[in-house]
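Colleague: got a predicted structure here, sequence first:
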Amino acid sequence: MLALGLMVAPVAAQAQSASASVNATATILAFLDVQNVSDVDFGTIAAGSAATLTPGTPPATGTLGVLLVNHNSDVNVSAVVPAGLTLFGGSGTEPALPVTFSCGYSAAAAGALDGASAACNSLPNRTGNADGTTRTSYVQVGGSIGSADTTDRIPGTYTGSLVFTVVAVY
Amino acid sequence: MSAHRLLRGLAVWCALGLFGGSASGQLAVIPVQGLTFGSLTPGVALTVTATDAARRAELTISQSGTFVLTFSLPTNLVSVDGRTMPISFGATSARAVWGSGRGPVRDFDPRIPLALSLPKPAGGARVYLGGTASPSLTQAPGNYTATIQMIVVNAGT
């Protein structure tokens, strides 16, 4: 009886278990759609006059730039904007027309902003609906041209490109 | 032979037996890779099969013997802010391959415990696991994760 007990011991010692874990992962891609609704247009500026387009305020003259963003997550909006507009059809050597751009979010293409305006490349993130449904947001784009910068400026149309990048954040 | 000598002899035999048992290796389960669904579109379920080498989960069992293998399976993948996405497993979501991966193959249901005999000399097995993720039409964007645990119990020989 004693011998049997001792012989069972090694078998019992082998009873063991082990476990390990792995992760399962998936990523739901965000829906994101960006459209140009309107370009920024300061209109006609008399020499020596300033021009200002204020996001959130319908302008008396000119047009605010507007981007439409459909998104179902928070989004980060960044922009590369020119420091000056260049003379259309010029040789490229003419002095640029300095301009400062500003941006703000709104729930409609025109009208009051949701929050304050900011430099277009330092906007805060725009939140989504937080439930996966699509939110429609607008980025209104304004700017200002100083009166001193329109004095003795070569007459003509000045243009520039603003490049916005919208990235889903999650 | 006196009773004292008999006991001492048995003790030596037992010690050798124990040493021999441990020399065959401790049972170990080693995670190799996770189950990766990648990018999903809301409303579109995606199934990763146990034969999908790039995306299936893989674990290895390092010892020969007879084992009972069970999974602790999640019912949802969860985002960092607590949103859930259903994950499910079917009758052939798992696969065991004897030895180092070139031996016999058995597909099985990971929801049901599996008795597994892993004979010497190859010993061990690779276990693969797939599954189905089912995002809803309004599934919020983001990263979703869950933990899958595989438990192997030595059932003796």
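Modeller: Nice, thanks for sending it over. Residues are numbered from 1 along each chain as shown, chains lettered A, B, ... in the order given.
Colleague: ok, and does stretch A:26-33 reach over to chain B?
Modeller: Yes. Where contact is defined by C-beta under 8 Å from any C-beta of the partner chain, part of stretch A:26-33 touches chain B, namely A:26, A:27, A:28, A:29, A:30, A:31. From N, CA and C alone the C-beta is placed, and that goes for glycine too.
Colleague: just give me how far that stretch sits from the chain centre.
Modeller: Taking C-alpha atoms, centre = their mean, to the nearest Å, one finds the center of stretch A:26-33 at 16 Å from the center of the full chain.
Colleague: likewise for stretch B:110-117?
Modeller: The chain centroid and the centroid of stretch B:110-117 are separated by 9 Å, computed with C-alpha atoms, centre = their mean.
Colleague: can I get the CA coordinates of that stretch in PDB?
Modeller: Provided in PDB are the C-alpha atoms of stretch B:110-117 (Å, rounded to 0.1, in the frame of the first residue of the first chain):
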ATOM      1  CA  PRO B 110     -13.600  27.100 -29.700                       C
ATOM      2  CA  ARG B 111     -16.700  27.500 -27.700                       C
ATOM      3  CA  ILE B 112     -16.500  23.800 -26.700                       C
ATOM      4  CA  PRO B 113     -13.600  22.300 -24.700                       C
ATOM      5  CA  LEU B 114     -11.400  20.100 -26.800                       C
ATOM      6  CA  ALA B 115      -9.600  17.000 -25.700                       C
ATOM      7  CA  LEU B 116      -6.300  16.900 -27.400                       C
ATOM      8  CA  SER B 117      -3.700  14.100 -27.500                       C
END
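Colleague: and the contacts of that stretch?
Modeller: The contact list for stretch B:110-117 (C-beta atoms under 8 Å, 6 or more residues apart in numbering or on different chains) reads B:61, B:65-71, B:73, B:89, B:93-94, B:96, B:108, B:125, B:129, B:155.
Colleague: likewise for stretch B:80-87?
Modeller: Outside stretch B:80-87, the residues within contact range by C-beta under 8 Å, 6+ apart are A:24, A:26, A:28, B:74-79, B:131-136, B:139-140, B:142-144, B:146.
Colleague: buried stuff in that stretch?
Modeller: When neighbours are counted by 16 or more other C-beta atoms under 10 Å in any protein chain shown, the buried residues of stretch B:80-87 are found to be B:83, B:85, B:87.
Colleague: which of the helices or strands spans the last one?
Modeller: Going back to what we said before, that points to residue B:87. Per DSSP states H and E, residue B:87 falls inside strand B:84-88.
Colleague: and that strand, C-alpha only, in PDB?
Modeller: Only the C-alpha atoms of strand B:84-88 are listed here, as PDB (Å, rounded to 0.1, in the frame of the first residue of the first chain):
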ATOM      1  CA  THR B  84     -18.900  47.700 -28.000                       C
ATOM      2  CA  MET B  85     -18.800  45.700 -31.200                       C
ATOM      3  CA  PRO B  86     -20.000  42.100 -31.200                       C
ATOM      4  CA  ILE B  87     -17.500  39.300 -31.900                       C
ATOM      5  CA  SER B  88     -18.600  35.700 -32.400                       C
END
